[in-house]
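Trainee: sequence and predicted structure below; questions after.
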Amino acid sequence: MAASARYRPVTVERLVAELTDRVADVAVRTRWTRVLVDGADHATDTGALADALVDPLRVRGHAVERVSARDFLRPASLRFERGRHDPDVRFEDWLDVAALRREVLDPLGASGTGEVLPALWDARRDRAFRLPRRRLPDGGVVVVDGELLLGQGLPAEVSVHLWLSPGALRRRLPDDVHWALPAYARYEDEVRPVDLADVVVRVDDPRHPAVREG
């Protein structure tokens with residue numbers, strides 16, 4: 001279980017440095033590197049950690065494309081077909097997994113084109129972004145953040161999971177999003193992201209993260 005694992009406290013700055021080292025080490029050995037930063041939306045700031053990796057990786061000489069899984073959600077007519085607060089639909093059907101693979105991750109496979117669509121669907125306006133594709137040069141890195149990403153068959157060279165104890169998750173999740181708690185419980189029990197991720201970071205206190213060892 002994640003709670004009983006051994007964790008090594010680190011500063012936020014050290015966490016970013018260690019992740020940068022890990023990604024850069026992979027990036028010098030592969031044509032493109034796909035990084036997933038996974039964690040419960042509203043309770044963990046996956047976007048901030050993903051953003052923090054961009055400049056250090058560019059300093060290392062790697063072009064970086066930032067992508068948010070929130071820009072690959074299904075249209076509202078599909079997400080809310082069974083109501084706005086159905087945790088099973090959030091777990092199973094909110095993310096357009098096929099589109100994220102097709103438009104971002106598969107093109108960066110060994111035989112891919114390197115052309116990435118940075119965003120597909122504007123969930124706030126509920127309409128397509130209609131953005132042009134961007135070609136990521138060889139040695140480039142795409143960093144994708146979002147929730148419930150692992151166990152979906154999404155290809156990645158490096159995956160990071162931001163883990164919260166159940167109590168911390170409940171405290172950190174806004175009251176109006178508590179309806180999603182069963183979705184996160186299913187994720188923990190059925191997918192076991194702590195076993196799938198390459199790096200697990202405990203973020204009960206986001207100011208004092210801790211990296212799982214072993």
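Mentor: Structure received.
Trainee: where exactly do the helices run in the protein?
Mentor: 12-27, 46-59, 76-79, 87-93, 97-100, 166-172, 181-186, 193-196 (DSSP state H).
Trainee: can I get those helices in TSV with mean pLDDT and distance to residue 107?
Mentor: Where C-beta positions appear, they are placed from N, C-alpha and C, glycine not excepted. Shown next, in TSV, are the helices of the chain (pLDDT from 0 to 100; distance: least, Cβ to Cβ, whole Å):
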stretch	mean pLDDT	distance to residue 107
helix 12-27	98	16
helix 46-59	98	19
helix 76-79	91	24
helix 87-93	94	24
helix 97-100	97	11
helix 166-172	97	34
helix 181-186	97	29
helix 193-196	98	23
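Trainee: tabulate those helices (JSON lines), appending distance to residue 205 and mean neighbour count.
Mentor: Output for the helices of the chain, formatted as JSON lines (distance: least, Cβ to Cβ, whole Å; neighbours: other Cβ atoms under 10 Å):
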{"stretch": "helix 12-27", "distance to residue 205": "11", "mean neighbour count": "17"}
{"stretch": "helix 46-59", "distance to residue 205": "15", "mean neighbour count": "18"}
{"stretch": "helix 76-79", "distance to residue 205": "32", "mean neighbour count": "14"}
{"stretch": "helix 87-93", "distance to residue 205": "26", "mean neighbour count": "17"}
{"stretch": "helix 97-100", "distance to residue 205": "30", "mean neighbour count": "18"}
{"stretch": "helix 166-172", "distance to residue 205": "8", "mean neighbour count": "15"}
{"stretch": "helix 181-186", "distance to residue 205": "18", "mean neighbour count": "17"}
{"stretch": "helix 193-196", "distance to residue 205": "18", "mean neighbour count": "16"}
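Trainee: ok, which of those comes nearest residue 113?
Mentor: Smallest distance to residue 113 across the helices of the chain (Cβ to Cβ): 16.0 Å, for helix 97-100.
Trainee: strands of the chain, start to end?
Mentor: Here the chain has its strands, by DSSP state E, at 7-9, 32-39, 64-68, 115-116, 121-122, 127-128, 134-135, 140-146, 158-163, 199-202, 210-212.
Trainee: helices and strands around the longest one, which ones?
Mentor: This points to strand 32-39. helix 12-27, helix 46-59, strand 140-146, strand 158-163 (3 or more Cβ pairs under 8 Å, 6 or more residues apart in numbering; DSSP states H and E).
Trainee: at 10 Å instead, please
Mentor: Secondary-structure packing of strand 32-39 (3 or more Cβ pairs under 10 Å, 6 or more residues apart in numbering; DSSP states H and E): helix 12-27, helix 46-59, strand 64-68, strand 140-146, strand 158-163, helix 193-196, strand 199-202.
Trainee: what is the least confident helix or strand in the protein?
Mentor: Between all helices and strands in the chain, the lowest mean by mean pLDDT, DSSP states H and E belongs to helix 76-79, at a mean of 91.
Trainee: which strands or helices does that helix pack on?
Mentor: helix 87-93.
Trainee: packing partners for the helix it packs on?
Mentor: The contact analysis (3+ Cβ pairs under 10 Å, 6+ apart) places helix 87-93 against helix 76-79, helix 181-186.
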